[in-house]
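In: quick one, what's the 3D model for this:
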Amino acid sequence: MHADVRTATIPQLIPLVEQLSSQVEAQLRGLSAAQLNWKPNPAEWSLGQCLDHLITANTSYFGPLERLLAGQHVTTFWERLPLAPALFGRLLIYSLHPNQRRRVRTARVFEPTQSAVDQQILPAFAQQQRRLVELMRACAGLDAGRVIITSPALSFVTYSLLDAFRIIVIHEQHHLVQTAKILGLPEFPGGRGQGEALNAER
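Out: Residues are numbered from 1 along each chain as shown. Predicted structure coming up:
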């Protein structure tokens, strides 16, 4: 049984990222561009938009993480405030959990493309996941619970480096459940009908 993301360490989170990468490949391999761009309704995202959103959200952390590892991180006023990082971290982890039914509004900077995607979205996602794992391994030796970073979405939202990785993983789990539901819809073109929500947090 896998570690609970909400309390996992970086070494425990890394295999979860690798598992999620494999699940995306298994779910979406071989789908056509039309299937990747199909939407249940105009207000919801397609499978391709879910992946594009994850790529956009995850890669927004890469620059700050690289600067942190290079010793170039400059602590902001908001990062110096006590208590706020722990509060924001817990709030985001709770709100993004796949079992949380209340919808969370996506930050504008993380909005997915409104254009059609092609099958190259899958290797692009896989490449981004590999880079994420590299950065997680590089950060594993840091005191990640004490290092404070800023959300790429809002400059006043801060949380620990450890919570940042937990947020990334639980966010991926959230959207993998979403893609499984789309594939399971009877009206999904091609009748893929996978129906089961992923139990990624086990």
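
In: quick check: what element follows the lowest-mean-pLDDT helix or strand in the chain along the chain?
Out: Lowest by mean pLDDT, DSSP states H and E among the helices and strands of the chain is helix 84-96, with a mean of 88. Going down the chain from helix 84-96, the next helix or strand is helix 121-139, by DSSP states H and E.

In: in that following helix, what's buried?
Out: Ile121, Leu122, Ala124, Phe125, Gln128, Gln129, Leu132, Val133, Leu135, Met136, Cys139 (16 or more other Cβ atoms under 10 Å). Yep, even glycine has a C-beta here, placed from its N, CA and C like the rest.

In: list the contacts of the third one.
Out: Residues in contact with Ala124, defined by Cβ atoms under 8 Å, 6 or more residues apart in numbering, are Leu51, Ile55.

In: please identify which helix or strand holds Ala3.
Out: Per DSSP H and E, Ala3 falls between elements, in no helix or strand.

In: got it, and Arg146?
Out: Going by DSSP H and E, Arg146 is not in any helix or strand.

In: which one of the buried residues of helix 121-139 sits closest to Glu25?
Out: Closest to Glu25 out of the buried residues of helix 121-139 is Leu122 (7.1 Å), distances taken as Cβ to Cβ.

In: chain neighbours aside, what residue packs nearest to that closest one?
Out: Spatially, and ignoring its direct neighbours in sequence, Leu122 is nearest to Leu28 (5.9 Å; Cβ to Cβ, 6 or more residues apart in numbering).

In: residues in contact with that neighbour?
Out: Contact analysis of Leu28 by Cβ under 8 Å, 6+ apart lists Leu36, Leu47, Leu51, Leu122, Thr179.

In: the closest residue to Ala34 other than its chain neighbours: what secondary structure?
Out: Ranked by Cβ to Cβ, 6+ apart and with sequence neighbours excluded, the top spatial neighbour of Ala34 is Pro189, at 6.3 Å. Following DSSP: H, G, I helix; E, B strand; the rest coil, the label given to Pro189 is coil.

In: and Pro189, what pLDDT?
Out: According to the prediction, Pro189 has pLDDT 94.

In: counting neighbours, what do you get for it?
Out: Neighbour count of Pro189, defined by other Cβ atoms under 10 Å: 12.

In: how much space separates Ala26 from Leu16?
Out: To Leu16, Ala26 is 15 Å away according to Cβ to Cβ, to the nearest Å.

In: the more surrounded of the two?
Out: Neighbour tally, Ala26 and Leu16, criterion other Cβ under 10 Å: the higher count belongs to Leu16, 23 against 10.

In: ok, now how distant is the nearest residue to the more buried one once chain neighbours are set aside from Leu96?
Out: Nearest non-adjacent residue to Leu16, counting by Cβ to Cβ, 6+ apart: Val169, 5.3 Å away. Val169 is 10 Å from Leu96, where distance means Cβ to Cβ.

In: compare the two (neighbour count), which wins?
Out: Using other Cβ under 10 Å as the criterion, Val169 and Leu96 rank with Val169 on top: 26 against 20.

In: return the residues in contact with the residue nearest to Leu16.
Out: Val5, Ala8, Leu13, Leu16, Val17, Leu20.
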